[in-house]
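Q: next comes the sequence, and after it the predicted model I'd like to discuss.
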Amino acid sequence: MKLIKNLNYKKILPLFLKQKGSPFFNAKGLAIGVFCGCFPFFGFQTLLGLFLAKAIKGNLFLAAIGTWISNPFTYIPLYFFNYKVGSLLLKNSPDIIFDKELILEELWEQGSVFSLRLILGSALVGLFLASISAVIVFLLYKRKNKKAVF
């Protein structure tokens, strides 16, 4: 419990700001992490974020931090929103219809429709949030580097 009490933004923010590398390098890392964090791959988001950040030569630490956009507090609202976005893009009703008479084959079909909506929505929301976070982090590190020069 003492560790949690001692953990606050005054200790975490310097870790975030002390990252070495160019603003573009840091922005790529965080953006990839945020993108991967928007997908419902519980337990694999961080691994996927680290793998992709390594592949595109982004900051690994910031990629891992970026995946925290989905956490136990944000899972339900984030994935519900992603599902709604996917439904709107596919021009389907966002309501899943379950009938008591539903046979097994139809149940599998409903599952694939649900998954398609969720993954499509996650990709688009992930791209949007990753873009926003990349711009913010890029400007933040650019500003930090300007102050360090003077």
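A: Done, it's in. Residues are numbered from 1 along each chain as shown.

Q: remind me what the longest helix along the chain packs against, helices and strands.
A: Of all the segments assigned as helix in the chain under DSSP state H, the longest by residue count is helix 104-149. Where contact means 3 or more C-beta pairs under 8 Å, 6 or more residues apart in numbering; DSSP states H and E, helix 104-149 is packed against helix 23-37, helix 60-66, helix 75-89. Backbone N, C-alpha and C define where each C-beta goes, glycine included.

Q: how distant is it from the center of its chain?
A: Put simply, helix 104-149 sits 5 Å off its chain's centre (C-alpha atoms, centre = their mean, to the nearest Å).

Q: same thing with stretch 32-47?
A: 6 Å.

Q: now that stretch: buried residues?
A: By 16 or more other C-beta atoms under 10 Å, the buried positions in stretch 32-47 come out as 32-41, 45-46.

Q: mind putting the helices and strands packed on helix 104-149 into TSV with distance to Ser115 and mean pLDDT?
A: Listed next are the helices and strands packed on helix 104-149 as TSV, based on distance: least, C-beta to C-beta, whole Å; pLDDT from 0 to 100:
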stretch	distance to Ser115	mean pLDDT
helix 23-37	17	94
helix 60-66	24	91
helix 75-89	9	90
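
Q: need the ones you listed in a markdown table (columns: distance to Gly111).
A: Listed next are the helices and strands packed on helix 104-149 as a markdown table, based on distance: least, C-beta to C-beta, whole Å:
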| stretch | distance to Gly111 |
| --- | --- |
| helix 23-37 | 23 |
| helix 60-66 | 29 |
| helix 75-89 | 13 |
